[in-house]
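1. give me the fold of what follows.
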Amino acid sequence: MANKRIEPADRLSLVSEYYFSRKLKEVAQLNAEGKDIISLAIGSPDMPPSEKTIEKLCEVAHQPNAHGYQPTMGTPELREAMARFYKRWYDVDLDAKTELLPLIGSKEGILHVTLAFVNPGDKVLVPNPGYPTYTSLSKILGADVVYYNLKEDNGWQPDFEQLEDIIHHTSNIRLLWTNYPNMPTGGRAQRETYERLVRFAKDHDIVVVNDNPYSFILSEEHLSILQVPGAKDCCIEFNSMSKSHNMPGWRVGLCATNAEFISWILKVQSNIESGTFRGIQLAAAEAYDNSEEWHREANINTYARRRQYAEQIMDVLGCTYDKNQVGMFLWGKIPADVKNVEDLTERVLHEARVFITPGFIFGSNGERYIRISLCAKEEKIKEALCRIEKCKNAKM
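-> Okay, here's the model as predicted:
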């Protein structure tokens, strides 16, 4: 038993255990009881990386001199591949030596950037709904979170009148977090939104951070905030291999911005972590050169086939949704006669044995929505549909 005189740090009172961390324990217990839960909740791609990516990892792992510490800045091969990737797909020029920094994921990037730019008591702008880690890490690090609205009737784009009002009445705002294509809503990236965000950042001397891991998923158009002239001066972009390259467990992402910002972030990063295993870095470099055909099958065709069944689940549940949304989730509004979203998701879990995500975990503007992940084999999503239809017919 822990010593009762020892207390946790005060910052732990500002956050709770991550929703999925807590809920997956319950799902594991249900599975242990033989319930066979189908999970359509987590955005963890279930397909493998390209074959050449796996082959490179194995090749390097067999080299006896490949297992030592690696530079925090990443290998030249990885940074150069990242620069090629941005030029090829986004037509953005980045200096591989000074304007790119490998990350072990966006969560770590949120940590490093917040530590590099935000003092305790400073404020950060966070979208509502939005990725919960923007809020939780900001609070842990002593920043004050100020929410700005994303609404369905505005295509889940920022309300710039509201942002200007917030800036007018709030001091010490250092960062604005944004995420397009949007998670959880599937709102599309728009060039106009990026242009307005860059103007907003320059007008008010704040840094805009765009989290951009979904631009390949069910999307033919690949947009980056760094395509806007002058964006590099005031914006940072994260990009991750987790979604676009089927590598969530590999923990490879990137941060792209100007050289000075990179040097500040590296100062933090180098005091927290060491470089990723060389085999993963060189394999990731191979993956960045995947063919257009590989991306089309993995990121568009596969998810399109799955999406049709997710849409049918939404229909059976009486939810409405935008068919033009992109990304690896389907976001839908619950029927008016459902009192609250968790009434629906808990019934689906315990009666249909399907785990879907309630939108309230992403903020108050998600309270009337659910999110269905497309990261399950077609037969599993079809089985989930059958289970929900059966329960619905039995007046679930």
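2. can we go C-alpha only for contacts and neighbour counts from here?
-> Will do.
3. roughly how far is the helix or strand bottoming out on mean pLDDT in the chain from the heart of the chain?
-> Here the helix or strand of the chain ranked lowest by mean pLDDT, DSSP states H and E is helix 19-32, holding a mean of 87. Here helix 19-32 is found 21 Å from its chain centre; the criterion is CA atoms, centre = their mean, to the nearest Å.
4. again, but for stretch 326-335
-> 15 Å.
5. distance between the ends of stretch 271-288?
-> 27 Å (CA to CA, to the nearest Å).
6. quick one: buried residues of it?
-> 275-288 (16 or more other CA atoms under 10 Å).
7. now, which of the residues you listed sits nearest residue 375?
-> residue 287 (19.8 Å; CA to CA).
8. any idea how far residue 242 is from that closest one?
-> Going from residue 287 to residue 242 by CA to CA gives 11 Å.
9. one step back: which of the buried residues of stretch 271-288 has the weakest pLDDT?
-> Across the buried residues of stretch 271-288, the smallest pLDDT goes to residue 275, namely 88.
10. hang on, that residue in a strand?
-> No: counting by DSSP: H, G, I helix; E, B strand; the rest coil, residue 275 is not found in a strand; it is coil.
11. contacts only, for it.
-> Taking CA atoms under 8 Å, 6 or more residues apart in numbering, we find residue 275 in contact with 69, 70, 71, 72, 73, 74.
12. how about those in CSV, adding neighbour count, pLDDT and distance to residue 372?
-> Rendered in CSV, the data for these read as follows (neighbours: other CA atoms under 10 Å; pLDDT from 0 to 100; distance: CA to CA, whole Å):
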residue, neighbour count, pLDDT, distance to residue 372
69, 11, 93, 40
70, 15, 92, 38
71, 14, 91, 39
72, 19, 88, 36
73, 22, 92, 36
74, 21, 94, 35
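13. reformat those as JSON lines; add distance to residue 370.
-> Converted to JSON lines, those look like this (distance: CA to CA, whole Å):
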{"residue": "69", "distance to residue 370": "43"}
{"residue": "70", "distance to residue 370": "42"}
{"residue": "71", "distance to residue 370": "42"}
{"residue": "72", "distance to residue 370": "39"}
{"residue": "73", "distance to residue 370": "39"}
{"residue": "74", "distance to residue 370": "38"}
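14. biggest separation within these, which pair?
-> 69 and 73 (11.7 Å).
15. picking up where we left off before, let's see which of the contacts of residue 275 end up in strands.
-> Among the contacts of residue 275, no member is found in strands (DSSP state E).
16. now, among these, which is nearest to residue 300?
-> Using CA to CA, residue 74 is the member of the contacts of residue 275 that lies nearest residue 300, at 29.8 Å.
17. wait, doesn't that closest one sit right on residue 104?
-> No: Residue 74 lies out of contact with residue 104 (CA atoms under 8 Å); the separation is 10.7 Å.
18. okay, and the common contacts of these two?
-> residue 276.
19. quick one: secondary structure of residue 229?
-> From three-state DSSP, the assignment for residue 229 is coil.
20. measure it to residue 199 for me?
-> On the measure of CA to CA, residue 229 and residue 199 end up 10 Å apart.
21. can you check residue 274 too?
-> In this view, residue 274 and residue 199 are 36 Å apart by CA to CA.
22. likewise for residue 148?
-> Distance check for residue 148 against residue 199: by CA to CA, it reads 17 Å.
23. could you do residue 133 as well?
-> 26 Å.
24. also residue 110?
-> Going from residue 110 to residue 199 by CA to CA gives 22 Å.
25. quick one, which of the two is more surrounded?
-> residue 110 (19 against 16; other CA atoms under 10 Å).
26. buried residues, the helix or strand harbouring the more buried one. List them.
-> Following DSSP states H and E, one finds residue 110 within helix 106-117. Buried residues in helix 106-117, counting neighbours by 16+ other CA under 10 Å, are found at 106, 108, 109, 110, 111, 112, 113, 114, 115, 116.
27. burial measure for the closest residue to the third one other than its chain neighbours, as a count.
-> In space, and not counting its chain neighbours, residue 109 is closest to residue 103: 6.4 Å by CA to CA, 6 or more residues apart in numbering. A count of neighbours around residue 103, defined by other CA under 10 Å, yields 25.
28. quick one: contacts for residue 141?
-> Contacts for residue 141 (CA under 8 Å, 6+ apart) come out as 114, 115, 120.
29. now with 10 Å?
-> 11, 111, 114, 115, 118, 119, 120, 121 (CA atoms under 10 Å, 6 or more residues apart in numbering).
30. for residue 339, same thing?
-> Residue 339 neighbours (CA under 10 Å, 6+ apart): residue 368.
31. per-residue pLDDT, it?
-> Reading off the confidence values, residue 339 has pLDDT 92.
32. please shift the residue numbers so they start at 473 in all later answers.
-> Sure, I'll start counting at 473 from here, so that last one is residue 811.
33. does it belong to a helix, a strand or coil?
-> coil.
34. residue 495 versus that one, what's the distance?
-> The value you get for residue 811 to residue 495, if CA to CA is used, is 21 Å.
35. what do you get for residue 635?
-> On the measure of CA to CA, residue 635 and residue 495 end up 34 Å apart.
36. follow-up on the earlier one: now, the buried residues of stretch 743-760 that are in strands?
-> Using DSSP E, none of the buried residues of stretch 743-760 sit in strands.
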